[in-house]
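Novice: Could you work out the structure for the sequence below:
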Amino acid sequence: MLYNALAALVKFTIASVAIGATLSVLDIRAADVLTDMGVTPDKMRLVLSDAVDWALPHFMLGAMVIIPIWLVLFLLKPPSINK
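Specialist: Numbers count the residues shown, from 1 in each chain. Sure thing, here's the model as predicted:
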């Protein structure tokens, strides 16, 4: 499963770089695309910052519940027999 996720991440990265290079050759920049959509780069940064400010406390609260549960289950799991 981890291999599939890493493979997908590598494919996504390669495709993004290829498309970015192609758009760069065509003299299209990310700021131009955002402006055409009616969004300024500063507004995009503000939206992303607000999203992180909202998500981080929820992530931490969830982790404070999930990590102890995982730890208890991990410690109580019977040992596996490797042949």
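
Novice: Check the offset of the worst-scoring helix or strand of the chain on mean pLDDT from the chain's centre.
Specialist: In the chain, the helix or strand scored least confidently by mean pLDDT, DSSP states H and E is helix 30-36, which has a mean of 86. Chain-centre distance of helix 30-36: 22 Å, with C-alpha atoms, centre = their mean, to the nearest Å.

Novice: what is the mean pLDDT for stretch 72-83?
Specialist: Confidence for stretch 72-83, expressed as mean pLDDT, is 84.

Novice: CA atoms only for it, dumped as PDB, please.
Specialist: Only the C-alpha atoms of stretch 72-83 are listed here, as PDB (Å, rounded to 0.1, in the frame of the first residue of the first chain):
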ATOM      1  CA  VAL A  72      -2.800   0.700  23.800                       C
ATOM      2  CA  LEU A  73      -3.900  -1.500  20.900                       C
ATOM      3  CA  PHE A  74      -0.300  -1.900  19.800                       C
ATOM      4  CA  LEU A  75       0.800  -2.900  23.300                       C
ATOM      5  CA  LEU A  76      -2.000  -5.400  23.800                       C
ATOM      6  CA  LYS A  77      -1.600  -7.000  20.400                       C
ATOM      7  CA  PRO A  78      -0.400 -10.600  20.700                       C
ATOM      8  CA  PRO A  79       3.100 -11.200  19.400                       C
ATOM      9  CA  SER A  80       3.200 -12.600  15.900                       C
ATOM     10  CA  ILE A  81       5.000 -15.900  15.200                       C
ATOM     11  CA  ASN A  82       7.500 -15.500  12.400                       C
ATOM     12  CA  LYS A  83       8.600 -18.800  10.700                       C
END
